[in-house]
Structures are given as C-alpha cells and as structure tokens.
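Colleague: just need the structure, nothing else, for what follows:
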Amino acid sequence: MEHRRAEAVVADVTRAKGRKTLYHFTRGTNLPAMARRDALLSSYTLYPHEAGVRREKPLVLRDPECRATLNAHLRIPEHMIEAGYTLAEFRASLDRHVFFWPTVRDCRKMWETYSKREPEETFAILACDAHALLLNHYRAAKLSKYDSGSAPRFPHLCTYKKSPDMFLPLSEFGCVLQSNVPGKASEIREFLVEDKIINLVKYMQAVYVTDFRIVPENWRALAKPVETLWGR
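Modeller: Here you go, the predicted structure:
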C-alpha cells in the first residue's frame with residue numbers, strides 16, 4: 001500500500017514536462033568530494049558544530065576526507081520567523097537538508113546571484129532524475145512552497161513566515177491543506193532531502209559547468225556547458 005502511495009505521489013509531483021529533473025547548485029570545489037563519496041551530504045552532516053549559529057561567510061572545511069565549502073546563511077529578519085520558533089532553530093533545520101530546484105528558472109537565478117556575489121568562484125549544477133531520486137528517498141524527502149533560505153528584499157511585504165513547518169513531508173503531499181505548504185505540484189518551489197542523498201551517480205543526468213576541468217574524471221562523461229541548460 002505504501003509503495004503504491006509513494007509511486008502515485010512521486011508521479012504527481014514530476015508529471016509536468018518541466019519538472020522531471022531536480023537541480024542541485026554547488027561550488028566547483030565541492031565536486032571531488034561528492035564524486036568520491038557518491039553522495040550529497042547536508043551541511044550539518046558535514047559540520048555538526050555550532051548548529052543554528054549564522055555563517056556570515058562561506059565556511060571552508062579543510063579536512064581532506066570531507067573537504068567542502070558551506071554557503072553562508074543569508075540575513076533573515078527576526079520578524080519573518082513563525083511564532084514559537086527562533087532564527088537559530090530555523091537555520092539548524094535548513095542545515096539538516098540537501099536542497100534541489102525543480103525548475104531551470106529558479107536554478108538559473110541562484111547561479112546568476114552567486115556568480116555576481118562571488119565572481120572569482122566556480123559553480124556547478126547537478127541534474128538528477130526527479131522520479132527515481134524522490135522514490136528512493138521518499139521517507140526523507142520534503143517540499144517547500146517558498147525559497148526557504150532566502151532573505152527577501154522587502155521582508156515587510158512577505159505574506160508568509162519561515163519555520164521548519166514550511167517543509168512538508170513528501171508522503172503528506174495532497175493530504176495537508178495549509179497556506180504555508182504546497183497543495184499542488186505547480187506550487188512546489190523546492191525539494192529537499194533530510195541528511196543525505198546516497199548512490200548519487202545513478203540519479204545523475206548531467207553536470208553543468210563553465211569549465212570541464214573542474215569535473216572529476218569519473219563524472220567527466222556527464223559534463224555539459226551550463227549554457228545548454230539555459231537554452232532549455
């Protein structure tokens with residue numbers, strides 16, 4: 001029964017032509033560790049220290065076994081947090097997940113934002129088969145109606161509050177009618193998976209970059225110019 005329910009839910013959220021791929025944005029320097037582990041790990045899994053403390057700038061982990069750069073937390077105003085939660089609790093919740101964009105449009109927006117903010121940095125986008133990834137991580141997958149980690153330019157105009165409650169378990173999609181969670185597939189702004197994605201390469205369709213040299217050798221056959229993604 002549960003498997004049939006999972007199949008139906010995953011089919012629903014990936015039915016649209018433009019929602020059959022999940023896009024994970026990352027730094028080029030993170031690719032070697034991802035390829036070596038064949039996994040995507042949450043920030044907390046990589047660095048389970050100072051949970052909830054705001055990272056004001058990117059944090060570079062220099063341990064050879066888990067070399068990675070964790071993005072800074074954007075400055076979210078206190079008044080945007082749902083009553084009953086703190087900013088620290090919300091940041092800690094963010095850090096326990098791996099995030100994906102379901103559309104090229106939102107992924108491109110993040111690419112362009114970071115490219116302007118850190119012009120000396122290289123970036124990459126992992127494109128993964130949405131149906132297979134979500135079905136195999138069904139119990140750990142969640143949905144968000146909003147860009148959860150964003151810091152809106154005009155926060156006083158926002159009509160929603162941020163909290164861990166904005167993350168709807170995939171298994172509950174279609175069963176919860178609340179304004180702060182997606183009620184239909186077209187309302188899903190983000191997909192997230194708690195803790196980690198394992199057996200990553202079996203879901204990967206492409207690695208989009210501007211410089212093929214940053215792609216690990218065992219992923220090189222998946223490398224594509226990022227411009228080809230924008231052309232979709």
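Colleague: contacts, neighbours, all on C-alpha from now
Modeller: Will do.
Colleague: helix or strand: which one has A124?
Modeller: strand 123-129 (DSSP states H and E).
Colleague: how far is the helix or strand following that strand from where the chain is centred?
Modeller: The helix or strand immediately downstream of strand 123-129 is helix 130-136, counting by DSSP H and E. On the basis of Cα atoms, centre = their mean, to the nearest Å, helix 130-136 sits 14 Å off its chain's mean C-alpha point.
Colleague: list the buried residues for helix 130-136?
Modeller: Neighbour-count burial for helix 130-136 flags A130, H131, L133, L134, L135 (criterion: 16 or more other Cα atoms under 10 Å).
Colleague: pretty sure the third one is touching V201, no?
Modeller: No: if you go by Cα atoms under 8 Å, L133 and V201 don't touch, sitting 10.5 Å apart.
Colleague: over to the closest residue in space to V60 that isn't next to it in sequence. Which of the three states is it?
Modeller: Of all residues not flanking V60 in the chain, T69 sits nearest, at 4.4 Å (Cα to Cα, 6 or more residues apart in numbering). Following DSSP: H, G, I helix; E, B strand; the rest coil, the label given to T69 is strand.
Colleague: T69 and T29: what is the separation?
Modeller: Distance, T69 to T29, by Cα to Cα, to the nearest Å: 8 Å.
Colleague: so what's the residue nearest to the spatial centre of the chain up against?
Modeller: In the chain, the residue lying closest to the centroid (Cα atoms, centre = their mean) is F99, at 1.3 Å. Contacts for F99 (Cα atoms under 8 Å, 6 or more residues apart in numbering) come out as H24, E190, F191, L192, V193.
Colleague: buried ones among those?
Modeller: Looking at these with 16+ other Cα under 10 Å, the buried ones turn out to be H24, E190, F191, L192, V193.
Colleague: dump the residues you listed into JSON lines; add distance to Y44 and pLDDT as well.
Modeller: Formatted as JSON lines, the buried ones among the contacts of F99 follow (distance: Cα to Cα, whole Å; pLDDT from 0 to 100):
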{"residue": "H24", "distance to Y44": "17", "pLDDT": "98"}
{"residue": "E190", "distance to Y44": "19", "pLDDT": "98"}
{"residue": "F191", "distance to Y44": "18", "pLDDT": "98"}
{"residue": "L192", "distance to Y44": "14", "pLDDT": "98"}
{"residue": "V193", "distance to Y44": "13", "pLDDT": "98"}
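Colleague: ok, so of the residues you listed, who is nearest T103?
Modeller: Closest approach to T103 among the buried ones among the contacts of F99 (Cα to Cα): E190, at 8.9 Å.
Colleague: that closest one pairs with what?
Modeller: As for beta bridges, E190 partners with S144 under DSSP bridges.
Colleague: which residues are in contact with it?
Modeller: Contacts of E190 by Cα under 8 Å, 6+ apart are F99, F100, W101, P102, L143, S144, K145, Y146, D147.
Colleague: the fourth one - nearest residue in space that isn't next to it in sequence?
Modeller: Residue nearest to P102 in three dimensions, not counting chain neighbours: L22, with 4.9 Å by Cα to Cα, 6+ apart.
Colleague: and for that neighbour, the neighbour number?
Modeller: Neighbour count of L22, defined by other Cα atoms under 10 Å: 29.
Colleague: what's the closest of the buried ones among the contacts of F99 to S42?
Modeller: The closest of these, once distances to S42 are taken by Cα to Cα, is V193, at 8.6 Å.
Colleague: alpha carbons only: can I get the strand or helix carrying that closest one in PDB?
Modeller: For V193, the element it lies in under DSSP H and E is strand 190-194. Output of strand 190-194 as PDB, limited to C-alpha atoms (Å, rounded to 0.1, in the frame of the first residue of the first chain):
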ATOM      1  CA  GLU A 190      12.000  23.500  -3.600                       C
ATOM      2  CA  PHE A 191      12.600  19.800  -2.900                       C
ATOM      3  CA  LEU A 192      14.800  18.800   0.000                       C
ATOM      4  CA  VAL A 193      16.000  15.600   1.400                       C
ATOM      5  CA  GLU A 194      17.000  15.200   5.000                       C
END
